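>>> Sharing a sequence plus its predicted fold:
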Amino acid sequence: MKEELIRKFEELYGEGGDIRAYFAPGRVNLIGEHTDYNGGHVFPCALTLGTYVIARKRDDRRLRMFSQNFSHLGIAESSLDELYYHRKFGWTNYPKGVIWTFHEKGYAVTNGFDLLLYGNIPNGSGLSSSASVEVAVAVMLKDIYGFDMSMKDIALFCQYSENKFNGVNCGIMDQFSIAMGKKDSAIFLDTSNLDYEYAPLDMKGYKIVIASSNKKRGLGDSKYNERRDQCDDSLAELKSVLDISTLGELTVEAFEKTKEIITDPVRVRRVRHAVTENQRTVQAVKALKAGDLKQFGQLMNESHISLRDDYEVTGPELDTLVEAAWEQKGVIGSRMTGAGFGGCTVSIVEESCVEEFIRQVGAIYLKKIGYSADFYVVDIGDGARRI
Ligand code: GLA
């Protein structure tokens with residue numbers, strides 16, 4: 001893959017100079033959804049699918065960028081003096097946002113670069129293709145400009161870029177797991193303080209199967225920011241009677257005792273999800289450590305129900321995929337993953353049942369929704385790096 005992309009790079013921009021290659025994975029979250037902006041826990045892992053970046057530093061301030069995924073758009077030309085967001089800049093808003101963030105944080109990028117990008121994460125599928133682009137570009141900038149920063153800094157800078165440049169108020173989960181991922185492990189992350197622990201995923205004859213609903217979701221135009229605001233408004237109300245700084249600090253009991261303070265019944269359900277999902281995530285990691293995959297799967301199922309009924313971010317496509325998965329032989333657990341409103345589901349399936357699972361769930365989905373889902377049997381890989 002790397003050699004092929006370098007050849008393409010040379011075709012586009014010419015040979016010679018110091019051409020370097022980078023990779024940043026996509027991510028799948030196993031449990032802990034919509035908890036990361038509420039100071040709760042998440043449990044994502046990095047995939048072996050992801051984004052490749054080939055780059056070469058320039059002597060001037062020009063930026064030339066080409067995506068193999070949008071090759072019909074040709075080379076997008078701009079410069080370090082034009083770092084502002086505009087819809088018409090399409091995917092190049094992500095690299096531009098990262099450069100802009102580096103400037104904001106005191107890491108001045110003084111020379112432009114030529115860049116070729118290729119991603120094999122399905123676009124807009126909820127496997128974090130955008131965060132993957134951001135982190136790949138950040139790792140490239142750190143390397144070719146020799147900046148001194150940690151992978152944690154990179155995750156935080158990329159989140160800042162997504163929030164402030166691209167206008168999506170996301171939490172830290174995606175950028176963190178992409179920057180910090182580890183082969184065959186999931187990351188148990190406490191988003192209130194960024195303490196984390198790698199939990200080895202010993203899958204003992206089981207596979208992680210991702211089903212893409214092929215219902216596209218743009219986080220920016222979705223209800224994501226609205227959910228976040230609903231949580232913030234509820235937290236403000238709860239603070240009048242509780243000494244807490246995030247919803248992640250609430251136990252289920254404390255929530256039940258104080259929920260009347262929240263003035264809107266819809267927001268009561270939003271908070272119930274945030275609180276119970278955080279507790280489920282902690283329990284799920286305990287179950288996994290104890291080798292109890294069945295309990296882990298049960299908690300995944302409960303997570304989906306909570307996202308469906310209390311947080312209302314699933315919709316008919318994701319519900320159809322998950323409900324069909326629950327009926328199949330050899331399924332330990334299944335839930336939506338990522339922001340929701342379209343995107344993907346994640347299921348843990350006994351290896352010998354995977355083929356039948358894909359056939360059956362695929363057929364049910366096509367019949368009910370009217371178009372096909374795509375399935376990926378995925379491996380857990382390492383975080384972003386030079387390759
Ligand atoms: C998106 C965001 C994350 C997280 C998830 C939901 O992926 O980027 O920060 O909030 O949705 O868990």
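Done, it's in. Numbers count the residues shown, from 1 in each chain.

>>> Partner strands of the helix or strand where residue 117 lies and their direction?
Secondary structure from DSSP states H and E places residue 117 in strand 113-119. Strand 113-119 pairs in its sheet with strand 44-57 (antiparallel), strand 62-67 (parallel), by DSSP bridges.

>>> any idea how far the spatially closest residue to residue 192 that is not a sequence neighbour is from residue 95?
Excluding the flanking residues, the one nearest residue 192 by CB to CB, 6 or more residues apart in numbering is residue 39, at 3.9 Å. All C-beta spots, glycine's among them, are computed from the backbone N, C-alpha and C. Counting by CB to CB, to the nearest Å, the gap from residue 39 to residue 95 is 30 Å.

>>> Can you tell me which residues in this structure are near the ligand?
Residues of the chain lying close to the ligand by CB under 6 Å from any ligand atom are 33, 34, 36, 37, 170, 171, 173, 174, 338, 339.

>>> now those in TSV, with secondary structure?
As requested, these are exported to TSV (DSSP: H, G, I helix; E, B strand; the rest coil):
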residue	secondary structure
33	coil
34	coil
36	coil
37	coil
170	coil
171	coil
173	helix
174	helix
338	coil
339	coil
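
>>> Need the residues that contact the host helix or strand of residue 237.
Using DSSP H and E, residue 237 falls within helix 224-238. The contact list for helix 224-238 (CB atoms under 8 Å, 6 or more residues apart in numbering) reads 34, 37-38, 168-170, 244, 246-247, 250, 258, 261-264, 266-268, 270-271, 274, 311, 313, 339, 341.

>>> Give me the pLDDT for the one residue in the stretch 201-350 of the chain that gets nearest to the ligand.
Closest contact between the stretch 201-350 of the chain and the ligand, by CB to the nearest ligand atom, is at residue 339 (3.5 Å). On pLDDT, residue 339 comes in at 92.

>>> My guess is it contacts residue 126. True?
Yes - when contacts are counted by CB atoms under 8 Å, residue 339 is listed as touching residue 126 (6.2 Å).

>>> about what we covered before: take the residues of the chain next to the ligand and lay them out in JSON lines including neighbour count.
Output for the residues of the chain next to the ligand, formatted as JSON lines (neighbours: other CB atoms under 10 Å):
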{"residue": "33", "neighbour count": "29"}
{"residue": "34", "neighbour count": "28"}
{"residue": "36", "neighbour count": "25"}
{"residue": "37", "neighbour count": "21"}
{"residue": "170", "neighbour count": "22"}
{"residue": "171", "neighbour count": "20"}
{"residue": "173", "neighbour count": "28"}
{"residue": "174", "neighbour count": "30"}
{"residue": "338", "neighbour count": "26"}
{"residue": "339", "neighbour count": "22"}
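
>>> Looking at those residues, point me to the pair that's furthest apart.
Taking CB to CB as the measure, the residues of the chain next to the ligand span a maximum distance of 13.6 Å, between 37 and 338.

>>> got any residues that touch both of these two?
Joint contacts of residue 37 and residue 338 (CB under 8 Å, 6+ apart) do not exist.

>>> For residue 329, what is the enclosing helix or strand?
Per DSSP H and E, there is no helix or strand for residue 329.

>>> hang on, the earlier thing: which stretch among the strands paired with strand 113-119 approaches residue 11 most closely?
Closest to residue 11 of the strands paired with strand 113-119 is strand 62-67 (CB to CB; 10.2 Å).

>>> Centre of the chain to that closest one, how far?
How far strand 62-67 lies from its chain's middle: 25 Å, per CA atoms, centre = their mean, to the nearest Å.

>>> again with stretch 294-304
Distance of stretch 294-304 from the chain centroid (CA atoms, centre = their mean) equals 20 Å.

>>> which of residue 39 and residue 95 has more neighbours?
Comparing residue 39 with residue 95 by neighbour count (other CB atoms under 10 Å), the higher total belongs to residue 95, at 29 against 21.

>>> Low-confidence regions, the stretch 1-150 of the chain specifically.
Within the stretch 1-150 of the chain, the segments meeting pLDDT under 70 span 124.

>>> What segments of it are strands?
Remark: strands assigned in the stretch 1-150 of the chain by DSSP state E, counting those that start in this stretch are 20-29, 41-42, 44-57, 62-67, 76-79, 113-119.

>>> CSV please, covering those and showing mean neighbour count.
Below are those laid out as CSV (neighbours: other CB under 10 Å):
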stretch, mean neighbour count
strand 20-29, 26
strand 41-42, 28
strand 44-57, 24
strand 62-67, 20
strand 76-79, 15
strand 113-119, 23
